[in-house]
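K.L.:
structure, please.
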Amino acid sequence: MTDHSEMLTGVDLQCWENNRVHRTEEMGRERLLVRRGQPFSLLLQCRGAPPLPPKYQLTLILHLGKEMVVKVSDTRVGRGQWWFSQQGAQSELLLTVHSPADAPVGLYSISAVLLSSDGRILEKTALANFHLLFNPWCKGDPVYLPDEEELREYILNENGLLYQGSWDQIRTLPWDFGQFEKDVVDICFEILDNSPAALKDPETDLANRGDPVYVSRTVAAMVNANDDRGVVSGRWDGEYSDGVAPTRWTGSVPILRRWSEGGAQRVRYGQCWVFAGVACTVLRCLGIPTRCVTNYSSAHDTDGNLTIDYWYNEQLENISSGRKDMIWNFHCWVESWMDREDLPGGYDGWQVLDPTPQERSDGVYCCGPCPVRAIKEGEVGVKYDAAFIFSEVNADLACWIVHADGQRSQASLNKQTVGRNISTKSVYGDQREDITKLYKYPEGSVKEREVYEKAGRKVTQLSRGPGQLELSIRHAQAVHGTDFDVIVEVQNTGGEDTPARLTITSKAVTYNSLHLGECQRKSTSLTVPAQRAHKEVLRLRYDHYGSCVNEHHLIRVSALLQGTDQHDIVLREINIPLSMPQLAVKVLGEAVVSRKVTAHITFTNPLPVSLRGGVFTIEGAGLTAAQEIQAPQEIGPGQEVSVKFSFRPTRPGLRKLLVDFDTDRLQDVKGTATVIVRKK
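P.N.:
Model prediction:
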């Protein structure tokens with residue numbers, strides 16, 4: 001073999017130009033990051049002119065991992081193959097490399113081999129490494145998305161909004177996806193490399209990485225740490241002392257970096273929106289169009305009967321212990337856009353992926369990808385996990401009272417509770433887009449009934465006819481730290497005065513329906529006059545609920561109305577999210593790349609008690625890595641505190657600075673500032 005210095009002296013990867021046309025320049029311009037199905041250029045420096053004698057033949061060799069080797073010639077041999085063209089000028093050789101639109105994504109190394117006219121290797125030179133990503137701009141790629149505005153949102157936007165609260169009090173949570181932040185792309189491929197399939201059979205795993213169905217399902221499994229060397233460990237019991245409370249995260253990047261720097265050790269802790277946010281970051285970074293979705297009143301139907309059963313005794317105490325059926329106040333997952341070449345026609349487009357560990361799928365805690373179209377049409381046999389997702393948006397809620405003698409009465413049956421106001425961030429700004437119509441036909445419509453029957457659902461009925469007593473609950477504005485009223489109204493629609501007993505309770509609950517403790521209780525015997533209404537007021541005092549509620553700031557009010565017959569019974573429940581204060585975040589002066597800029601954060605304590613141990617957490621893609629600032633030791637009731645900090649923006653453009661504030665008695669206080677960063 002001839003000394004390589006005699007012919008090839010170097011390579012220019014053309015990173016600035018390649019990354020710009022491949023829309024990866026935000027990831028950096030110091031290394032090559034390209035999208036499959038789209039050509040990129042390399043400039044080989046040669047000794048002498050012309051660059052190569054006519055008798056020499058140039059071949060490129062690509063390595064993906066240790067197992068996959070691809071030989072690339074300067075002849076186009078057909079669709080689905082790598083090839084390159086070349087053009088010489090002075091002592092340089094411009095190569096235009098073409099990748100197939102279904103090539104496996106990953107970190108490739110590329111070498112140049114010079115062959116003699118009789119096929120002998122004269123010289124072999126290692127050129128460089130490059131990342132190959134999915135390409136939603138390429139028509140041949142299964143993740144192709146033709147709408148440019150959607151691509152700007154679902155691939156290129158590093159800032160998003162997640163939706164929390166309840167279906168009738170929707171709350172936004174700004175989230176920093178940061179998919180183009182330094183080293184995030186390396187961490188994303190590190191996640192794939194640590195999957196059980198990759199560790200067991202790396203050759204097959206790499207070959208499958210051209211398939212977005214396979215890759216997205218791997219990501220859904222690896223974002224949670226339940227079965228493997230996954231990223232985030234979930235916890236819902238409020239005990240986070242050995243980690244970070246889920247509400248404190250404001251973005252994915254600190255989580256991903258902590259996982260990678262810890263040697264693929266799980267990061268504590270996450271809940272559904274954290275799992276969804278991290279999955280969205282990874283999938284967008286890899287080049288798969290992805291958006292976060294929130295389903296309100298989301299059912300967790302473990303037995304697959306499409307009915308969620310809640311059980312209470314006559315004192316309105318929840319006795320559902322040991323039963324896993326529940327309704328989450330909200331639940332977050334992601335949708336990714338792709339063709340489903342593994343399914344019959346009609347299932348391309350948005351696919352549900354749920355990285356929150358709820359139920360096993362093929363023995364692993366993951367869910368999807370499942371076509372949204374299959375959910376809407378009740379095609380519960382379609383892979384993956386259609387039956388479980390269908391129940392999340394369509395199950396009925398049945399509430400039962402178990403009497404002292406063991407008899408049970410069905411107190412309510414609600415067919416419209418589950419799957420409400422399914423939400424995602426709009427492509428056109430920071431507005432909410434309601435996508436419920438993509439998941440289900442209008443409640444009560446003929447088409448909805450047909451879908452239920454197709455899904456194998458029995459149309460359930462209340463086990464008794466409607467009585468003459470009706471029950472409703474409403475409440476005044478519920479601001480955390482204040483007292484407020486809940487009004488329970490009993491309406492008698494009959495022609496006779498009717499005696500009954502009314503029990504009202506308020507409980508602190510988590511967003512996924514775990515009971516934390518009873519705040520207040522009120523019981524009264526009453527007689528409701530015919531064609532009249534009786535109102536009962538329960539005043540919820542901070543002195544009672546303040547010590548019960550946790551970081552989700554959620555109170556469930558239940559009202560049980562019992563007539564003279566033990567089967568004459570009505571139950572109503574509402575969830576009341578407590579309104580939270582917001583941080584005032586202000587960036588002073590003009591923001592310029594690499595120049596120090598100062599920001600102020602102001603917070604006023606809304607509670608009638610002092611707060612201690614306050615910590616501000618700040619981050620922003622293109623602005624600053626996550627950092628923490630301690631608040632004053634004690635913040636009295638109504639006291640205002642202000643802190644300032646400085647940072648140096650790293651990338652130009654429209655950016656968002658996200659701030660979280662946590663204390664001993666108040667968590668999950670958020671604030672944002674929009675910043676326009678200019679080039680130097």
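
K.L.:
only C-alpha atoms for contact and neighbour calcs from this point on.
P.N.:
Fine.

K.L.:
those helices in the stretch 251-400 of the chain, which residues are they?
P.N.:
253-261, 272-286, 372-376, 386-394 (DSSP state H, counting those that start in this stretch).

K.L.:
just send those helices back as TSV, with mean pLDDT too.
P.N.:
Shown next, in TSV, are these (pLDDT from 0 to 100):
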stretch	mean pLDDT
helix 253-261	98
helix 272-286	98
helix 372-376	97
helix 386-394	93
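
K.L.:
so which of those helices is nearest T602?
P.N.:
helix 253-261 (23.7 Å; Cα to Cα).

K.L.:
buried ones in the closest one, by neighbour count?
P.N.:
Buried positions in helix 253-261, judged by neighbour count with 16 or more other Cα atoms under 10 Å: 253-260.

K.L.:
by contact count, what packs against that helix?
P.N.:
In terms of contacts (3 or more Cα pairs under 8 Å, 6 or more residues apart in numbering; DSSP states H and E), helix 253-261 is packed against helix 184-193, strand 267-270.

K.L.:
centre of the chain versus the longest one, how much separation?
P.N.:
Taking Cα atoms, centre = their mean, to the nearest Å, one finds helix 184-193 lying 18 Å from the centre of the chain it belongs to.

K.L.:
angle of it against helix 253-261?
P.N.:
For helix 184-193 against helix 253-261, the angle by axes from the mean of the first three to the mean of the last three Cα atoms, to 10 degrees is 50 degrees.

K.L.:
for helix 184-193, packing partners?
P.N.:
Where contact means 3+ Cα pairs under 8 Å, 6+ apart, helix 184-193 is packed against helix 212-223, helix 253-261, helix 272-286.

K.L.:
quick one, which of those is packed in tightest?
P.N.:
helix 272-286 (a mean of 28; mean count of other Cα atoms under 10 Å).

K.L.:
please name the nearest non-neighbouring residue to F130.
P.N.:
Leaving aside its chain neighbours, F130 sits nearest to L32 (4.9 Å; criterion: Cα to Cα, 6 or more residues apart in numbering).

K.L.:
got the buried residues for stretch 655-670?
P.N.:
Neighbour counts over stretch 655-670 (16+ other Cα under 10 Å) mark 655-663, 665-670 as buried.

K.L.:
now swap in stretch 541-553 and tell me
P.N.:
542, 545-546, 548-553.

K.L.:
show me the residues you listed that map onto strands.
P.N.:
Among these, DSSP state E puts none in strands.

K.L.:
mind putting those into a markdown table with pLDDT?
P.N.:
Converted to a markdown table, the buried residues of stretch 541-553 look like this (pLDDT from 0 to 100):
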| residue | pLDDT |
| --- | --- |
| Y542 | 95 |
| Y545 | 94 |
| G546 | 93 |
| C548 | 90 |
| V549 | 92 |
| N550 | 89 |
| E551 | 90 |
| H552 | 91 |
| H553 | 94 |
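
K.L.:
which one of the residues you listed is nearest to D309?
P.N.:
Distance to D309, by Cα to Cα, is smallest for H552 among the buried residues of stretch 541-553, at 23.3 Å.

K.L.:
and the strands in the stretch 301-450 of the chain?
P.N.:
307-313, 326-338, 349-353, 360-361, 364-365, 370-371, 396-402, 408-414, 420-425, 432-434 (DSSP state E, counting those that start in this stretch).

K.L.:
weakest of these in terms of mean pLDDT?
P.N.:
Among the strands of the stretch 301-450 of the chain, strand 360-361 has the lowest mean pLDDT, at a mean of 78.

K.L.:
now that one, how far from the centre of its chain.
P.N.:
Using Cα atoms, centre = their mean, the offset of strand 360-361 from its chain centre is 18 Å.

K.L.:
partner strands of that strand and their direction?
P.N.:
strand 364-365 (antiparallel) (DSSP bridges).

K.L.:
show me where this structure dips below the pLDDT cut-off.
P.N.:
Low-confidence segments of the chain, defined by pLDDT under 70: 1-5, 49-51, 302-303, 321-323, 457-467, 566-567.

K.L.:
hey, where'd the helices end up in it?
P.N.:
For the chain, the helices defined by DSSP state H occupy 15-21, 148-151, 184-193, 196-200, 202-208, 212-223, 253-261, 272-286, 372-376, 386-394, 436-439, 446-454, 542-545.
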